[in-house]
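Peer 1: sequence and predicted structure, then a few things I'm wondering about:
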Amino acid sequence: MTSLLAGNRAQSVSARPKNLSLSNVLAYGEHMARFWRPGSERPRATLVDDEEGGVLFVSAPPSSSSSGFGHSSLERQRQRLPVFKYRDAILYLVENHATTIIVGETGSGKTTQIPQYLKEAGWAEGGRVVACTQPRRLAVQSVASRVAEEMGVKIGEEVGYTIRFEDQTNPSVTVIKFLTDGVLIREMMDDPLLTKYSVIMVDEAHERSLSTDMLLGLLKKIQRRRPELRIIISSATIEAKSMSTFFQARKKDLLHAAEDCVPSHLPAILSVEGKGYTVEIHYVEEPVPDYLQAAVHTVLSINDKEPAGDILVFLTGQDDIDAAVKLLREDTQDDRRRTSGLLVLPLYSGLSRDDQGLVFAPTPKGKRKVVISTNIAETSLTLEGVVYVVDSGFSKQRFYNPMAIEEDGFGERGGRRRGKEEEKEEKRRNHTYSQQHTMGDGEISDIESLVVTPISKASARQRAGRAGRIRPGKCFRLYTEEYFLKEMPTEGIPEMQRSNLVSCVIQLKALGIDNILGFDWLASPPPEAMVRALEVLYSLGILDEDAKLTSPIGYQVAEIPLVLALTSIDPMISKMILSACNFGCSEEIITIAAVLSVQSIWVSMWGAQKEFDEVKLHFAAAEGDHITYLNVYKGFLNSGKSSQWCYKNYLNYQAMKKVVDVRDQLSRLLRRLGLALKSCEKDTQAFILLSHWIFRVPIVLEFCTILYFVACIILRKAIIAGFFANSCHLEEYSHNGLYKTVRSSEEVYIHPSSVLFRVNPKWVVYHSLVSTNKHYMRNVIAIDPSWLIEAAPHFYQLRAPNLAPC
DNA sequence: GAGCACTGC
């Protein structure tokens, strides 16, 4: 397989699975004329043997065919892309194989060109559509507009795109459609066989995101029912082989298909070289004791010894990055001569839009930009002008622990009771190269945690590639070559195997896949996670005893677009929304749901903690954080959705805008499901006015208080309908706010960011747990324990003795 | 009195 990757060495590489004999391949040659689509030329390809592994290559000479748009400068640019040489080979393979896997480095042009080639070859005729999926929204938008530009059409016409909150397609004219893989899965709910698509190209499949993996499994199923559908999988790494095995149809599915049928059920693999420049790799000779220090030293030494060019440093998270930025800036002050030319900038998603923007500004003359970044610069953002990459060899990854385990057994997190600084140091030192994946905390079950993890070879290559975008570059790896070769894992662990699967399960159930355990996964998720997901869904009343979706709740929950998220909390949110319809408070609850679905509505305030707390107090509600969010949302609307108002109140304007978007989507959805949108506040208000009018009850201040009080009870009951499993009670003699979860008596505390921090009500329900030096509950409301039994008698029956009101 | 890699519907 190594030969497959060596795109530069083997000018062009086209291979098929090894188990095909040469005669079979040559037979394809004979079929070419027969099955070749009119209008596209037969590829002038020659088949050659590869001595390394018996893989056959097609070496394609530069194609002479034109796509018929004349030779404008755009057209010339298109032809200069590496993928252009393979135009005919790609069309040939797609014609003859149900699945084609294209291995291509970045910059090969495959994403923008292949959909156009397919359209030119007639795959978008007769009302059919060519689809191309991307894992990220931004990529969908930018690729679509590039393709529209190249084709000289307006976006939303022949070329369109669909992402959440934005559909830029016109069903009667759109023939090339870009969309996120999540959107395509959602489209299956209305059209399970995706009948309007003739070809579906799944791009960036090597990233192995949860939705990409799910999509690939589903597409394989669809393929069996729709033999005419063509699938193209584009991947940047050698995983092509496992993809190929996965898509190879099983014998029993081919009873009626002849071995040499067209399209062939055997996937084809084609490798396309990228456009990147060579990157010289440097390793450290001895393992470094502290990657942060090492990164700082490396930056300084590059600045001393290497010619001009920006530096990109990969660290793990905000903490590390801020520390490194500080060290480098301090160094600037210590020694003006040596580093005065350095412009040091942090980059991570938590930064405000403006701060992120700094990174993209052109480097001032005579300065050298140093960007210290998380993984965000590995795939999501591309920095031009980078010539040097410093790779720490680590990144943060999410891990999910479905069941409680005694001892974590994967390594010591260490230093829990020590001072914060000391602990950080210890953590850093512990991340030597022999460290294995650390699985969360080991003490508490059903929790996801972020863990500093060694990256994979694929990631290391991707990071290095970032140095070769404008000219040959250098990559300095802060680990030894021996470690890279012998110990670093080839690929990362797919998200599917380290996530909570609740949303995945609902989604598949909604698509009519009953046997989840028997689903054909590209990478099987751990059975414990699967079992855990089924349990959670059963306890929420979303699945019945036979593990089928309940009607109507189960089906309705599946419709709500929060369920594709990656935590078990989301079906709880969905359940909360649906219950709110019965409680008559859906208007308020969808606002709460929208706020909970964005990361944080507050901007992080490092310096101005006191002012921040005071501002927050204006919105604070005694009942807890959820009600507080309602006050914030009201304030935002009253301000006319002003960004200025957000700034004054330490609120993240982008996040608030997203809250409005999500809320709109949810309200449209409830209307579509025929569920009432009601506001409990308005209802109680009406009730009091009515009492005043009929019974002459005077309206006094107390009534307004009662009104508020009643509304808050109704709201909290609706929240509990979804989150009853997350209840905790304050330990009786606890002076430090120690709570125990009712479900499993785990020790938890209210997070200091909560409005109930230090208030410590006797009973609370939380939205999520975050595990750092303690287990903290985030987003907490105070409750009456009797509401728990009322909301979930099936769940609390056996535990009733514990639930004596305090 | 603490801290959240990155996506996405």
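Peer 2: Now that the structure is in, tell me what you want to look at.
Peer 1: which residues touch the most centrally placed residue in chain A?
Peer 2: By Cα atoms, centre = their mean, chain A has its centre lying nearest to A:S209, at 6.5 Å. With contact set as Cβ atoms under 8 Å, 6 or more residues apart in numbering, A:S209 has these partners: A:135, A:181, A:495. Heads up, the C-betas are built off the backbone N, CA and C, glycines and all.
Peer 1: what about 7 Å?
Peer 2: A:135, A:495 (Cβ atoms under 7 Å, 6 or more residues apart in numbering).
Peer 1: dihedrals phi and psi, it?
Peer 2: phi -70, psi 160 (degrees, to the nearest 10).
Peer 1: for A:L501, give me its contacts.
Peer 2: Neighbour list for A:L501: A:525, A:529-530, A:533 [criterion: Cβ under 7 Å, 6+ apart].
Peer 1: so how far is DNA strand B from the residue nearest to the centre of chain A?
Peer 2: 6 Å (Cβ to the nearest atom of the strand, to the nearest Å).
Peer 1: tell me the residues of the stretch 251-400 of chain A that contact DNA strand B?
Peer 2: A:316-319, A:348-350, A:374-376, A:380, A:395-398 (Cβ under 7 Å from any atom of the strand).
Peer 1: coming back round to it: for DNA strand B, state which of the contacts of A:L501 is nearest.
Peer 2: A:A533 (14.1 Å; Cβ to the nearest atom of the strand).
Peer 1: got the confidence number for the closest one?
Peer 2: Confidence at A:A533, expressed as pLDDT, is 85.
Peer 1: re earlier: can you redo the contacts of A:L501 as a markdown table with secondary structure and distance to DNA strand B?
Peer 2: Putting the contacts of A:L501 into a markdown table (DSSP: H, G, I helix; E, B strand; the rest coil; distance: Cβ to the nearest atom of the strand, whole Å) gives the following:
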| residue | secondary structure | distance to DNA strand B |
| --- | --- | --- |
| A:P525 | coil | 16 |
| A:A529 | helix | 15 |
| A:M530 | helix | 18 |
| A:A533 | helix | 14 |
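Peer 1: now for those, which pair is the farthest apart?
Peer 2: A:P525 and A:A533 (8.9 Å; Cβ to Cβ).
Peer 1: find the nearest non-adjacent residue to A:L578, please.
Peer 2: A:Q556 (5.6 Å; Cβ to Cβ, 6 or more residues apart in numbering).
Peer 1: can I assume that neighbour is in contact with A:G674?
Peer 2: No - at 9.8 Å, A:Q556 does not count as touching A:G674 under the criterion of Cβ atoms under 7 Å.
Peer 1: please say which of these two ends up with more neighbours.
Peer 2: Neighbours around A:Q556 and A:G674, counted as other Cβ atoms under 10 Å, are more numerous at A:Q556. The numbers are 22 against 9.
Peer 1: and that one, which helix or strand is it part of?
Peer 2: Following DSSP states H and E, the helix or strand that holds A:Q556 is helix A:553-559.
Peer 1: could you dump that helix to CSV, C-alpha only?
Peer 2: Output in CSV follows, covering the C-alpha atoms of helix A:553-559 (Å, rounded to 0.1, in the frame of the first residue of the first chain):
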residue,chain,number,x,y,z
ILE,A,553,-42.4,10.9,21.0
GLY,A,554,-39.6,8.7,19.5
TYR,A,555,-40.4,9.8,15.9
GLN,A,556,-40.7,13.4,16.9
VAL,A,557,-37.4,13.4,18.8
ALA,A,558,-35.7,11.9,15.7
GLU,A,559,-37.0,14.9,13.7
